[in-house]
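S.K.: model the structure of this input:
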Amino acid sequence: MIYLDFSATSPLDPSAKKAMLEVMELSERRLLGNPSSLHTPGSRGRDLLSSARKSVANLVNASPNEIIFTSGGSESNNTVMNIFDSCPIFVSKIEHPSVLAPAEEHAEPLYKIPVSSEGVISLDFLKEKLDFLLESSPKKKILISVMTANNETGVLEPLKEVSTLIKEYREKGLKKLYFHTDATQAVGKIPLDTKSLGVDYLTISAHKLGGPVGIGALFVRTGAPYKPLILGGEQENKRRAGTSNALLAAGFKAVAEKSFSTPKKYKEVAKLRDWLASEILRELPTAKILTAVGIEREGTKETIVGREAISSEQSSKGELSLSLERSKKTSRISGGDHEGAQSTAGVSRGALRSARLDDDRNPTEVSRSEKDSDSSQYGKSSNRSEEIASRPSKSLPNILNVSFPSAEGESTQLYLDLAGFAVSTGSACASGDLEPSHVIMSMTGDAEIAHNSVRFSLGLDTKKSDLKKLIKTLKPIVSRLQSISTIKLKEQP
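M.R.: Residues are numbered from 1 along each chain as shown. Next comes the predicted model:
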């Protein structure tokens, strides 16, 4: 099996396995006890936790006392939302369900920040609503939660710009304005520094780093509000009840230490990812790239987003190039709007279902979406977020999300699985959900693009030979699905 689903979970790293086997041996020999116990075996357990806490803290430039061990990313995210119960909460429309669901439960009110066709949040929307709260509720506790990088497309959000905005509004009078980021996908792939980012809360999950499933961490800046989600014990300095897991913490420590150097290594992974994107476009020119990727051509760097090419010179001006020259032919590339791993063992859903329109979209957005839906599959693609300033975005180095017109994503995934490739569609946490990806829908407003999308997520051990095999296998699968689809491809302009 060629594994290309690292964003769903990473295979257990040998260093984590070795560390946990050593702890298991200590436990078997009665040399390791409950870290809350006062005897020597318990003290050994506390030492293991303390050491792991330091390593995780160092990974994101935090103090050890600012790190709370949890069961994983979902618990960390739920904990933060619980702190802001009955308070105004901002979340981006493309957040992970473990942010969106508890935010719906706790927020009063909830503001969903729209995103551009690239998946980048609207800072103008954020400013507009903060101005309103400054006028109406200056003394309220407020949370802004924006993920570091999206789990479906890999898009990086402008966290430093959000942090700067928060500082400005604190000075204006919103003294209780706080910032959370879900960094589950980004930790270990790009450098992260809680101090330079200016965040108050940051979510981490060990298994995304090659650590064990079942342990994560929540960074809570000293002085930031906190309320335990799980009650009934004094573990984690009275911040999270439940017997501390020294075994999993040992595995977490090992990969946290190893992850200090991995962002540099992921630069090579980015080159492989970009090569894969260019090969997909060469072999399947109707494909729609939903991730910001770079392609080297004639000494210049281009970013392909939604099958638009953005040169480095144009990127600085925020302009979009509408065509990309491929080998001897020049193909016109249509403009485009552009996570997780939904591993579905079932067969194709068949006919595509119509997408439900968000209740909070204004009539202009709705009418534009309905009007542009006729131009999918994929001629001139929709752009229902024209009011949001679109600019070239960056993405994680290992994620590539592609939508193949008239080839349903689950069917593509299923055939690739039978051929020995593990890829994904949608979010692993939403596996079995028949609705189109809320991420792709928020970006494009097009249910067909969302249903037809497939995510390839690479790891440090992914080889170019693996990707060559993928391309060789992918092309006939997609072509076959397109040939039997009742939805016909539109000619490219």
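S.K.: let me see the contact set for Thr164.
M.R.: Applying CB atoms under 8 Å, 6 or more residues apart in numbering, we find Thr164 in contact with Gly198. (Each C-beta comes from the backbone N, C-alpha and C, glycine too.)
S.K.: distance of it from Ser122?
M.R.: For Thr164, the distance to Ser122 equals 16 Å [CB to CB, to the nearest Å].
S.K.: now do Val293
M.R.: Distance from Val293 to Ser122, by CB to CB: 23 Å.
S.K.: hang on, Arg273 packs against Val402?
M.R.: No - checked against CB atoms under 8 Å, the pair Arg273 and Val402 is beyond contact range at 11.1 Å.
S.K.: what are the ranges of the helices in the stretch 1-150 of the chain?
M.R.: 14-28, 40-59, 73-83, 97-106, 123-136 (DSSP state H, counting those that start in this stretch).
S.K.: winner for burial among the ones you listed?
M.R.: helix 73-83 (a mean of 24; mean count of other CB atoms under 10 Å).
S.K.: name the SS class of Phe260, please.
M.R.: Of the three states, Phe260 takes coil under DSSP: H, G, I helix; E, B strand; the rest coil.
S.K.: is it true that it touches Asn61?
M.R.: No - at 10.9 Å, Phe260 does not count as touching Asn61 under the criterion of CB under 8 Å.
S.K.: without its sequence neighbours, what residue ends up closest to Ser259?
M.R.: Gly188 (3.8 Å; CB to CB, 6 or more residues apart in numbering).
S.K.: and the one you found, how many neighbours?
M.R.: The tally of other residues near Gly188 (other CB atoms under 10 Å) stands at 26.
S.K.: what backbone torsions are found at it?
M.R.: phi 90, psi -20 (degrees, to the nearest 10).
S.K.: okay, helices next: where are they in the stretch 201-350 of the chain?
M.R.: 235-238, 246-258, 262-283, 312-317.
S.K.: got these as CSV, with mean neighbour count, mean pLDDT and distance to Val56 columns?
M.R.: Listed next are the helices of the stretch 201-350 of the chain as CSV, based on neighbours: other CB atoms under 10 Å; pLDDT from 0 to 100; distance: least, CB to CB, whole Å:
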stretch, mean neighbour count, mean pLDDT, distance to Val56
helix 235-238, 15, 95, 13
helix 246-258, 25, 97, 5
helix 262-283, 18, 95, 15
helix 312-317, 13, 36, 35
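S.K.: of all those, which one is nearest Ser51?
M.R.: Among the helices of the stretch 201-350 of the chain, the nearest to Ser51 by CB to CB is helix 246-258 (6.1 Å).
S.K.: where does the prediction get shaky in the stretch 351-493 of the chain?
M.R.: Residue ranges of the stretch 351-493 of the chain with pLDDT under 70: 351-393, 426-434, 487-493.
S.K.: can you rerun that using 90?
M.R.: Regions of the stretch 351-493 of the chain meeting the criterion pLDDT under 90 cover residues 351-394, 426-435, 485-493.
S.K.: who's in contact with the closest residue to Lys288 other than its chain neighbours?
M.R.: In this structure, Lys288 finds its nearest non-sequential neighbour in Ser403, 4.4 Å apart by CB to CB, 6+ apart. Ser403 sits next to Ala287, Lys288, Leu290, Tyr378, Gly409, Ile440, Ile449, Ala450, Asn452, Ser453, Val454 when contact means CB under 8 Å, 6+ apart.
S.K.: look up how far Ser453 lies from the closest residue to Tyr415 other than its chain neighbours.
M.R.: Computed as CB to CB, 6+ apart, the closest residue to Tyr415 that is not its neighbour in sequence is Ile477, at 4.6 Å. Distance of Ile477 to Ser453, given as CB to CB: 15 Å.
S.K.: now Ala277
M.R.: Ala277 is 14 Å from Ser453, by CB to CB.
S.K.: and what of Tyr201?
M.R.: For Tyr201, the distance to Ser453 (CB to CB) stands at 30 Å.
S.K.: do the same with Gly420
M.R.: 21 Å.
S.K.: of those two, who's got more company?
M.R.: Ranked by neighbour count (other CB under 10 Å), Gly420 and Ser453 place Ser453 first, with 28 against 12.
S.K.: do I have it right that Ile68 meets Arg221?
M.R.: No - counting by CB under 8 Å, Ile68 does not reach Arg221; the two are 11.7 Å apart.
S.K.: which of these two has more neighbours?
M.R.: Taking other CB under 10 Å, Ile68 and Arg221 do not tie; Ile68 has more neighbours (22 against 19).
S.K.: quickly note the distance from that one to Gly198.
M.R.: For Ile68 relative to Gly198 (CB to CB), the value is 19 Å.
S.K.: how about Pro476?
M.R.: Distance of Pro476 to Gly198, computed by CB to CB: 49 Å.
S.K.: swap in Glu168?
M.R.: Glu168 sits 12 Å away from Gly198, going by CB to CB.
S.K.: please say which of the two ends up with more neighbours.
M.R.: Just comparing Glu168 and Gly198: by other CB under 10 Å the higher neighbour count belongs to Gly198, 17 against 13.
S.K.: tell me who's in contact with the residue nearest to the more buried one when sequence neighbours are not counted.
M.R.: Using CB to CB, 6+ apart and skipping the chain neighbours, the partner closest in space to Gly198 is Ser163 (3.3 Å). Neighbouring residues of Ser163 by CB under 8 Å, 6+ apart: Phe179, Leu197, Gly198, Val199.
S.K.: and if we set it to 10 Å?
M.R.: Counting by CB atoms under 10 Å, 6 or more residues apart in numbering, Ser163 makes contact with Ile144, Val146, Phe179, Thr181, Ser196, Leu197, Gly198, Val199, Asp200.
S.K.: try Ser86
M.R.: Ser86 neighbours (CB under 10 Å, 6+ apart): His106, Ala107, Glu108, Lys140, Lys141.
S.K.: just give the nearest non-adjacent residue to Val99, would you?
M.R.: That would be Asn77: by CB to CB, 6+ apart, it lies 4.9 Å from Val99.
S.K.: quick one on the thing from earlier: overlap in contacts of Arg273 and Val402?
M.R.: Thr291, Val293, Phe456.
S.K.: distance of Leu458 from Asp124?
M.R.: With distances taken as CB to CB, Leu458 is found 34 Å from Asp124.
S.K.: of the helices of the stretch 201-350 of the chain, which is nearest Thr40?
M.R.: Closest among the helices of the stretch 201-350 of the chain, using CB to CB: helix 246-258, at 13.9 Å.
S.K.: need the contacts of Ser403 in JSON lines with distance to Ser116 and secondary structure, can you?
M.R.: Shown next, in JSON lines, are the contacts of Ser403 (distance: CB to CB, whole Å; DSSP: H, G, I helix; E, B strand; the rest coil):
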{"residue": "Ala287", "distance to Ser116": "21", "secondary structure": "coil"}
{"residue": "Lys288", "distance to Ser116": "16", "secondary structure": "strand"}
{"residue": "Leu290", "distance to Ser116": "13", "secondary structure": "coil"}
{"residue": "Tyr378", "distance to Ser116": "18", "secondary structure": "coil"}
{"residue": "Gly409", "distance to Ser116": "22", "secondary structure": "helix"}
{"residue": "Ile440", "distance to Ser116": "13", "secondary structure": "helix"}
{"residue": "Ile449", "distance to Ser116": "15", "secondary structure": "helix"}
{"residue": "Ala450", "distance to Ser116": "16", "secondary structure": "helix"}
{"residue": "Asn452", "distance to Ser116": "21", "secondary structure": "coil"}
{"residue": "Ser453", "distance to Ser116": "17", "secondary structure": "strand"}
{"residue": "Val454", "distance to Ser116": "22", "secondary structure": "strand"}
